[in-house]
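Colleague: Give the three-dimensional model of this entry:
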Amino acid sequence: MATQLVGGLTEPAAVTEEIQAIVQFLKPLVLERLNKPLHVYHAISYRSQLVAGMNYFIKVVIGDADDYIHMRVFQPLPGSGEKVSLSDIQMGKKLFDVIEYF
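Modeller: The predicted structure follows:
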């Protein structure tokens with residue numbers, strides 16, 4: 001993971017097994033929000049933001065063409081008893097769209 005300042009976003013990074021597992025865990029919520037079947041669904045890059053836990057901003061391919069979403073995910077601090085949650089989704093993204101805070 002890249003060096004980061006508290007509150008700032010890291011540079012984009014390749015997806016780790018942990019990030020892909022989070023994306024898979026949240027798939028039912030994504031399906032519900034998008035209200036369409038997803039024939040392709042995997043993360044390709046992400047940025048993170050250290051807060052009272054961790055925000056992840058994840059680019060996910062959801063279609064065969066240039067069809068992507070950006071997910072904002074919150075992972076609480078260990079020991080908090082809370083689960084990872086889907087905070088927001090940006091639709092209509094393309095491969096070369098920069099992942100930014102939203």
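Colleague: Distance from the helix or strand hosting residue 23 to the middle of the chain?
Modeller: Residue 23 belongs to helix 17-25 when elements are defined using DSSP states H and E. With Cα atoms, centre = their mean, to the nearest Å as the basis, helix 17-25 stands 9 Å off its chain's centre.
Colleague: which secondary structure elements does whichever helix or strand comes after that helix contact?
Modeller: Using DSSP H and E, the helix or strand that follows helix 17-25 in sequence is helix 27-34. If contacts are counted by 3 or more Cβ pairs under 8 Å, 6 or more residues apart in numbering; DSSP states H and E, helix 27-34 sits against strand 68-75, strand 85-93. (Each C-beta comes from the backbone N, C-alpha and C, glycine too.)
Colleague: quick one: the spatially most distant residue from the centre of the chain from residue 73, how far?
Modeller: Distance to the chain centre peaks in the chain at residue 79, reaching 21.8 Å (criterion: Cα atoms, centre = their mean). To residue 73, residue 79 is 19 Å away according to Cβ to Cβ, to the nearest Å.
Colleague: Check residue 90 too.
Modeller: Residue 90 sits 12 Å away from residue 73, going by Cβ to Cβ.
Colleague: Identify the residues contacting residue 19.
Modeller: Contacts of residue 19 were listed using Cβ atoms under 8 Å, 6 or more residues apart in numbering, and they are 43, 46, 56, 58.
Colleague: what about the first one, how many neighbours?
Modeller: The number of residues packed near residue 43 is 20, by other Cβ atoms under 10 Å.
Colleague: show me the contacts for it.
Modeller: Contacts of residue 43 were listed using Cβ under 8 Å, 6+ apart, and they are 15, 19-20, 23, 58-60.
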